[in-house]
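Trainee: Using only what follows, build the 3D model:
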Amino acid sequence: MGWKEEWERAARDPEGFWMEQAQAIDWEVAPTQALCDQGGPVQEWFCDAQVNGCWNAVDRHVAAGHGERLALIHDSPVTGSVTRITYAELQDRVARLAGAMAARGVGVGDRVIIYMPMVPEAVEAMLACARIGAIHSVVFGGFAAHELAVRIDDARPKAVLAGSCGIEPSRVVAYKPLLDDALAQAEHAPDFCLILQREQARAEMGPRDVDWHEAVAAAEPVDCIPVRGDHPAYILYTSGTTGAPKGVVRPTAGHLVALDWTMANIYDAKPGEVFWAASDVGWVVGHSYICYAPLIHGCTSVVFEGKPVGTPDASTFWRVIADHDVVSFFTAPTAFRAVRREDPEAKQMAGHDLSKLRNIFLAGERADPDTVEWIGKVTGKPVIDHWWQTETGFPIAANPVSLERLPIKIGSPSVPMPGWNVRVLDEGGQELPPGTLGAIVVKLPLPPGTFPTLWNAPERFRTSYLDAFPGYYATGDAGMLDEDGYLWIMARTDDVINVAGHRLSTGAMEEVLATHPDVAECAVIGAADPLKGQVPMGFLCLTKGVDRPEAEVVAECVALVRDQIGPVAAFKAAMVVDRLPKTRSGKILRATMAKIADGETWKMPATIDDPVVLDEIGVALGRLGYPR
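Mentor: Next comes the predicted model:
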């Protein structure tokens, strides 16, 4: 069947459709029904099943005779090392790590915080938790002590698994002092901390600290423990969390079913082939597409410890793809913008054989057409934009290239996937006609693998996602559906600005600015204006090597927006900046920038990559007289 037939089948008979997909999973006790009502605000999936996530990601492949197949390739340009781990080796390492935790009292339902760099042991820690039914919560390695403490108090972990350090292109970040500081601030205390010592910065051990290698070497391997289908696999605190934590809960069974379906139908990677998601296990992409999905499907997953530029240069992506015969590559558009800014003609691709690469997938933020076109031009490969969220765990809209390769519309993540009944509504909840900008929502029930609640915050789950449009999940994104059913994500709902009564998308303006040949990256925010309510303001990062007066570039960019969107946009203010403030996953902090422009009180975002950049933005705004 093609995409439309599969989508309609899932819409007409969601239980029958997903029960059929569930046959790809190994069950200890197979589900007797797909949907179940647990008394919460949304229905859940496969609740009466018994299953183990680690068995499906690791052990079953060994049992099927694929133990010598590569499971993980750890490519670390920051340490100059490459490590390859087979499924049989991964099974032993995970079983012993799980044994080390179980011997210290960690069991089904206990929480475990994982605070680690991009090393194989980070993936092993996630799988070891799944093996014994513990619920893991990965916190980005090197996260600030206070934010780590907040998450420790919310999750109340039995144990913390941490690396001694992480390695950045220009420095080594010691994690253990941050962990110690977080534990000093937290009200909750874990029973023990398992510390992975790295030679680049060995940690000083305290009374509750246990050496990782010693504990694993002495441990007895343990078997997988089946859990209920609705048992939480993990808690993931969303980037941008402020105040009370916002911990997305991922149920085990639906997660397994949905992820395997995506590998077979969206990501075009077959068992035994190499799949690379250039993300971090601290983000949902790292959970779904570094750890779980590739391994569930029997692929080889690349664990990359480096950056798109600076480790050592803009050739890194091409080298890793060529060295490891990657067939499907997934990263964020911001990573390619960094590569393009350093090497606009892609000269550093020379000598790297990309012949095995079939598709490049983009997600995590809007993929502006100029960046998509550049990637396609320099690689000669299909560039597949797709859209999903931490909350959903897998793609809402995509081009299902293994099921049916649909025509690409640059700027659109293509069409809703089976299980996702996407609508566009106005503020009153009325459905809007094709081509009209509105709030993007999903009609309930959500498909398997999504989140049924927030950890310790069921009421916040309801008010944040369900109350605005009863009967729907509010994505928080704004956009439109076109006549062909393609979805267009224009901005977060908060980034749709009101200029003299006209609702305008800052994303549409960014698309125009990105077409300027001297602009490598850009952002547009809405700033308060006493006459028009809001006016757009642009921030421009120029391509490396541009040697022209900044004022000329700004004037040309203003003219571009005026020409392509019209005077109604009132786009008159833009400035050149060295860099944009981003989270460590690459999302631009537009809301914080807008607060600075408006002179409002703002809080330093917990996930910001470099806090100094916000000071630079404040100085740049000051030169234009903001706040007014």
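Trainee: Would you map out the domains in this protein?
Mentor: For the chain, the domain assignment from automatic domain parsing gives the residue ranges 83-225, 500-623.
Trainee: from the ones you listed, which stretch is densest packed?
Mentor: Mean neighbours per residue, mean count of other Cβ atoms under 10 Å, is largest over the domains of the chain for domain 83-225, with a mean of 20. C-beta here means a position set from N, CA and C on the backbone, and glycine is covered the same way.
Trainee: ok, Lys356 to Asp323 distance?
Mentor: 11 Å (Cβ to Cβ, to the nearest Å).
Trainee: Ala573 pairs with what?
Mentor: Counting by DSSP bridges, Ala573 forms beta bridges with Met537.
Trainee: Tell me who's in contact with it.
Mentor: Residues near Ala573 by Cβ atoms under 8 Å, 6 or more residues apart in numbering: Ala527, Val535, Pro536, Met537, Gly538, Leu624.
Trainee: from the residues you listed, which has minimum pLDDT?
Mentor: Ranked by pLDDT, those bottom out at Leu624 (84).
Trainee: Make sure it is actually in contact with Val576.
Mentor: No - if you go by Cβ atoms under 8 Å, Leu624 and Val576 don't touch, sitting 11.6 Å apart.
Trainee: thought Thr334 was touching Arg579?
Mentor: No - counting by Cβ under 8 Å, Thr334 does not reach Arg579; the two are 11.1 Å apart.
Trainee: What is the least confident helix or strand in this structure?
Mentor: strand 502-505 (a mean of 74; mean pLDDT, DSSP states H and E).
Trainee: And the residue sitting furthest away from the middle of the chain, what's its pLDDT?
Mentor: When distances to the mean C-alpha position of the chain are computed (Cα atoms, centre = their mean), the maximum falls on Leu531, with 38.7 Å. Listed pLDDT for Leu531 reads 77.
Trainee: State the number of residues packed around Asn456.
Mentor: 15 (other Cβ atoms under 10 Å).
Trainee: go on, the one 3 residues further on?
Mentor: Look at Glu459: counted by other Cβ under 10 Å, it has 11 neighbours.
Trainee: what are the phi and psi angles of it?
Mentor: Here the main-chain torsion angles of Glu459 (degrees, to the nearest 10) amount to phi -70, psi -40.
Trainee: and what of Trp455?
Mentor: Dihedral angles (degrees, to the nearest 10) for Trp455: phi -60, psi 130.
Trainee: Which residues are in contact with the nearest residue to it once chain neighbours are set aside?
Mentor: Leaving aside its sequence neighbours, Trp455 sits nearest to Gly247 (Cβ to Cβ, 6 or more residues apart in numbering; 3.5 Å). Counting by Cβ under 8 Å, 6+ apart, Gly247 makes contact with Ser137, Arg151, Asp154, Ala155, Ile235, Leu236, Tyr237, Leu454, Trp455, Asn456, Ala457.
Trainee: Likewise for Val577?
Mentor: Contacts of Val577 by Cβ under 8 Å, 6+ apart are Phe539, Leu540, Cys541, Glu616, Ile617, Ala620.
Trainee: What ranges does the stretch 451-600 of the chain have for its helices?
Mentor: Ranges of helices within the stretch 451-600 of the chain are 458-465, 506-514, 550-564, 590-598, based on DSSP state H, counting those that start in this stretch.
Trainee: just checking, Gly141 touches Trp283?
Mentor: No - at 11.6 Å, Gly141 and Trp283 do not qualify as touching, with contact defined as Cβ under 8 Å.
Trainee: could you say which helix or strand contains Leu90?
Mentor: helix 87-102 (DSSP states H and E).
Trainee: quick one: contacts of that helix?
Mentor: 54, 58-59, 61-62, 66-72, 85, 112, 120-121, 124-125, 127-129, 131-132, 134, 159, 194, 210, 215-223.
Trainee: I'd like the distance from that helix to the chain centre, please.
Mentor: 26 Å (Cα atoms, centre = their mean, to the nearest Å).
Trainee: now swap in stretch 218-236 and tell me
Mentor: 23 Å.
Trainee: Could you work out the end-to-end span of it for me?
Mentor: Terminal residues of stretch 218-236 lie 30 Å apart, using Cα to Cα, to the nearest Å.
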